[in-house]
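Engineer: build me a structure from this.
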Amino acid sequence: MSGTSTAQGRFIVIEGVDGAGKGVQSRLLRTALERCGFKVLLTREPGGSPGAEEIRNLLVRGAADKWDSMTELLLVYAARRSHVEQTIKPALAQGTWVISDRFADSSRAFQGIAGGLGLETVERIHQQVVGDFMPELTLVLDLDAATSLARTKARGGNEDRFEKKGESYQSRVRDGFRLLAARSPTTHALIDAAGSIDEVAQSLRQTVATRLQLPALLQVTAADLA
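Structural biologist: Predicted coordinates:
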């Protein structure tokens, strides 16, 4: 099952390294789509359902070496199962568009590539847990590791476990996302996240408008989202 097979709802994911701006860009894209008349649900991973949010707290806080890559992967997929079944699929079935800050490509990039488990391992677990369910469009915000870590440090907060793994790890995560985007050009788009918030948001809107044939989205401006 894919996002395209559900009623009128469509499933969009925004991916990228920590600090790439996924949160703010997800919110701006939601507002832009709402301006075009769509009902939109904004969600996130890990999290997105009550049980998945509890698992999120285990994953994103504490020491960097708290879990190994396999434990992370299993925790993430326990959360993802709940997220998909309790939140995403019901929304899509009701005709609601869903934008998720992270989805399965994060597992592929973080645990599969940067964490050394390999993509084959991640894919086997993915098929067992969520099957063929996948987003219709994945937007990868691309940013170098040094800049991304500087942004997360400035942001503060205690959800910094993955950032504590350091610049080399984040560089491997970035490489992983770039690889995933390159190998699936029809379902993925790589977006330069180094520009201003408005510049990145405009690029996202243009990409979504083109890929999903939504010309009305091109009429939405930064002023409309202020």
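Engineer: first-to-last residue distance for stretch 206-224?
Structural biologist: End-to-end distance for stretch 206-224: 15 Å, by CA to CA, to the nearest Å.
Engineer: hmm, I was thinking of stretch 189-205
Structural biologist: One end of stretch 189-205 to the other measures 12 Å (CA to CA).
Engineer: please apply the same query to stretch 153-166.
Structural biologist: 12 Å.
Engineer: got a list of contacts for that stretch?
Structural biologist: 18-19, 59-64, 66, 110, 149, 152, 169-170 (CB atoms under 8 Å, 6 or more residues apart in numbering). C-betas here are computed from N, CA, C, even on glycine.
Engineer: in that stretch, what counts as buried?
Structural biologist: With burial defined by 16 or more other CB atoms under 10 Å, the residues of stretch 153-166 counted as buried are 160, 161, 162, 163, 165.
Engineer: do stretch 52-71 as well
Structural biologist: So for stretch 52-71, counting by 16+ other CB under 10 Å, buried means 52, 55, 56, 58, 59, 60, 67, 69.
Engineer: let me see the contact set for the first one.
Structural biologist: Translated: residue 52. So residue 52 contacts 45, 46, 78, 79, 80, 82, 83 (CB under 8 Å, 6+ apart).
Engineer: show residues contacting the longest helix seen in the chain.
Structural biologist: In the chain, taking DSSP state H as the definition, the longest helix is helix 167-183. Helix 167-183 is touched from outside by 15-18, 105, 108-110, 112-114, 138, 140, 142-146, 148-149, 162-163, 188-190, with contacts defined as CB under 8 Å, 6+ apart.
Engineer: export that helix as PDB, just CAs?
Structural biologist: The C-alpha trace of helix 167-183 is given here as PDB (Å, rounded to 0.1, in the frame of the first residue of the first chain):
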ATOM      1  CA  GLU A 167      30.300  15.300  12.800                       C
ATOM      2  CA  SER A 168      31.700  12.100  11.200                       C
ATOM      3  CA  TYR A 169      28.500  10.200  12.000                       C
ATOM      4  CA  GLN A 170      26.300  13.100  10.700                       C
ATOM      5  CA  SER A 171      28.400  13.200   7.500                       C
ATOM      6  CA  ARG A 172      27.700   9.500   6.900                       C
ATOM      7  CA  VAL A 173      24.000  10.200   7.500                       C
ATOM      8  CA  ARG A 174      24.100  13.000   4.900                       C
ATOM      9  CA  ASP A 175      25.800  10.700   2.500                       C
ATOM     10  CA  GLY A 176      23.100   8.100   3.100                       C
ATOM     11  CA  PHE A 177      20.300  10.500   2.300                       C
ATOM     12  CA  ARG A 178      22.000  11.700  -0.800                       C
ATOM     13  CA  LEU A 179      22.500   8.100  -1.900                       C
ATOM     14  CA  LEU A 180      18.800   7.300  -1.300                       C
ATOM     15  CA  ALA A 181      17.700  10.400  -3.200                       C
ATOM     16  CA  ALA A 182      19.900   9.500  -6.100                       C
ATOM     17  CA  ARG A 183      18.700   6.000  -6.500                       C
END
